[in-house]
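S.K.: I need the structure of the sequence given here:
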Amino acid sequence: MLKSIDVKILKVFVGEAARHKGRPLHEAIVEEARQRGMAGASVCRGFMGFGAGSLLHTAKILRLAEDLPVIVEIVDTPSRVESFLPVVDAMVEEGSIVMQDGQAVFHLPLRIRDVMTEHVATVDIRTPLPAVVDLLLRREVKAVPVMDGRNIAGIVTGGDLLTRARMPLRLDMQGQLPFEQRCEQGAASGFAGLVAQDIMSSPARTLNIKTDVVDALKIMAGKNIKRLPVTADDGTLLGIVSRTDVLATIAKASSVAGHLEILPPGLHSTARDALFTDVPTAGPDTPLADILDQLVRSPLRRVVIVDAERKVLGLVHDWDLLRSFVQKESPGLVARLVRALTSQEPGLPALEGTARDVMTTRVVTARPDAPLAHVIGTLIEKKIKRVVVTDDDGRLLGIVDRDAVLKALARQ
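M.R.: Here you go, the predicted structure:
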């Protein structure tokens with residue numbers, strides 16, 4: 001059964017002789033729609049009509065030179081048409097613009113325009129670094145394009161802040177700290193006097209708005225990129241797309257698509273095909289000092305808590321540990337814990353307690369034969385980065401994360 005969606009129909013009534021910056025207005029509108037990745041545009045030439053001036057325009061044999069009416073018609077999703085409306089309105093000096101509601105079935109490939117976030121937070125190349133970090137934390141985003149006027153000069157990511165600005169903690173862990181300690185961390189880092197241009201990744205890799213989602217997936221998997229700005233043909237910034245956006249779209253499309261040609265071939269894989277087996281484990285009575293040692297040494301930044309038969313009991317994230325001592329109001333210990341988690345000093349602080357005291361018992365799991373589409377849906381629905389994979393008896397087999405899923409999807 002074909003699935004229809006709500007759409008907006010934008011109709012622009014103008015005269016054939018109308019111009020915009022020296023070219024026919026209807027051509028300029030269509031070209032602007034094409035550059036911005038609208039679903040499509042059609043132009044119809046009328047043979048008779050009149051406008052606000054009540055002057056009759058007709059294509060009768062003796063009046064072929066008259067300014068004939070032209071209709072530009074654009075159909076797309078409501079949000080995209082509504083965002084395009086101000087662009088058209090600024091171009092039309094004389095004519096009419098009509099908006100209608102409708103239903104449509106699109107026989108189109110999945111494009112980045114259907115995935116991206118349109119309202120993008122940006123900073124200028126001269127924005128002070130503390131203001132950049134504040135924006136990222138307030139908007140709860142992990143990257144921000146850096147603009148030089150209307151041009152994209154680069155992008156600042158969480159990785160840039162860690163490696164180039166020596167920020168002590170990841171952005172998601174910064175949010176676990178009290179405001180005062182967060183300010184202290186910023187002051188202790190290398191932020192002094194730095195601006196966005198000093199640490200940004202440049203030039204920024206971008207995607208054209210008409211890029212196919214599957215092609216974008218392959219680029220992100222092949223280059224290990226988590227976020228990409230999206231531009232029009234002329235380089236204008238139109239949005240930003242993340243790895244999560246791409247995965248969420250593929251998961252949704254897999255549940256409603258009547259055919260799979262528009263989906264990546266790797267979607268037929270299972271959790272087993274994306275399994276990471278080198279997972280740090282510990283028992284519930286393992287001292288927190290030992291848990292911290294494993295957290296520091298593992299790229300997963302989490303330890304799976306298991307019993308003697310490797311049945312999963314819980315999970316300890318690095319932020320679980322940090323949050324626990326923040327709640328105990330131990331600022332001195334928290335500071336030492338931060339330095340340990342960021343390998344800023346040798347040795348580990350003496351922590352009291354065991355894994356049982358801080359572990360999360362609500363662990364999201366999947367079976368090894370779970371379809372990758374199901375795993376993706378779980379990651380998106382639960383807003384998590386990793387899923388623990390267990391056998392039928394609940395014994396640990398490994399972990400599947402977003403990066404492994406992306407690479408599995410991209411495989412032919």
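
S.K.: Figure out the helix or strand that Arg356 lives in.
M.R.: helix 355-358 (DSSP states H and E).

S.K.: go on, Glu73?
M.R.: Glu73 belongs to strand 69-76, assigned by DSSP H and E.

S.K.: Can you give me the buried ones in that strand?
M.R.: 69-72, 74-76 (16 or more other Cβ atoms under 10 Å). C-beta coordinates here come from the backbone N, C-alpha and C atoms, glycine included.

S.K.: Who are the packing partners of it?
M.R.: Here strand 69-76 touches strand 5-15, helix 25-35, strand 41-45, helix 78-91, going by 3 or more Cβ pairs under 8 Å, 6 or more residues apart in numbering; DSSP states H and E.

S.K.: possible to save the ones you listed as a markdown table with mean neighbour count, mean pLDDT and distance to Ala216?
M.R.: Output for the helices and strands packed on strand 69-76, formatted as a markdown table (neighbours: other Cβ atoms under 10 Å; pLDDT from 0 to 100; distance: least, Cβ to Cβ, whole Å):
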| stretch | mean neighbour count | mean pLDDT | distance to Ala216 |
| --- | --- | --- | --- |
| strand 5-15 | 18 | 89 | 21 |
| helix 25-35 | 19 | 90 | 18 |
| strand 41-45 | 13 | 89 | 23 |
| helix 78-91 | 15 | 90 | 18 |
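
S.K.: For those, give me TSV that also has distance to Ser324.
M.R.: Converted to TSV, the helices and strands packed on strand 69-76 look like this (distance: least, Cβ to Cβ, whole Å):
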stretch	distance to Ser324
strand 5-15	46
helix 25-35	51
strand 41-45	57
helix 78-91	42
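
S.K.: So which of the ones you listed is nearest Ser201?
M.R.: Closest approach to Ser201 among the helices and strands packed on strand 69-76 (Cβ to Cβ): helix 25-35, 25.2 Å.

S.K.: got the angle for that closest one vs strand 41-45?
M.R.: 170 degrees (axes from the mean of the first three to the mean of the last three Cα atoms, to 10 degrees).

S.K.: Using CSV, list the CA coordinates for helix 25-35.
M.R.: Extracted C-alpha coordinates of helix 25-35, given in CSV (Å, rounded to 0.1, in the frame of the first residue of the first chain):
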residue,chain,number,x,y,z
LEU,A,25,11.6,35.6,-12.5
HIS,A,26,10.1,32.1,-13.0
GLU,A,27,13.5,30.8,-14.0
ALA,A,28,15.1,32.4,-10.9
ILE,A,29,12.5,30.9,-8.6
VAL,A,30,13.0,27.4,-10.1
GLU,A,31,16.8,27.7,-9.9
GLU,A,32,16.6,28.9,-6.2
ALA,A,33,14.3,25.9,-5.4
ARG,A,34,16.8,23.5,-7.1
GLN,A,35,19.8,24.9,-5.3
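
S.K.: and it with strand 69-76, angle?
M.R.: Using the same axes, to 10 degrees: helix 25-35 against strand 69-76 is 10 degrees.

S.K.: roughly how far is helix 25-35 from the heart of the chain?
M.R.: Distance of helix 25-35 from its chain centroid, counting by Cα atoms, centre = their mean, to the nearest Å, is 28 Å.

S.K.: Take the buried residues of strand 69-76 and write them to TSV, including distance to Leu228 and pLDDT.
M.R.: TSV is the format used below for the buried residues of strand 69-76 (distance: Cβ to Cβ, whole Å; pLDDT from 0 to 100):
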residue	distance to Leu228	pLDDT
Pro69	42	86
Val70	37	91
Ile71	36	93
Val72	31	94
Ile74	26	92
Val75	27	89
Asp76	22	84
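
S.K.: Please consider this matter closed, and thank you.
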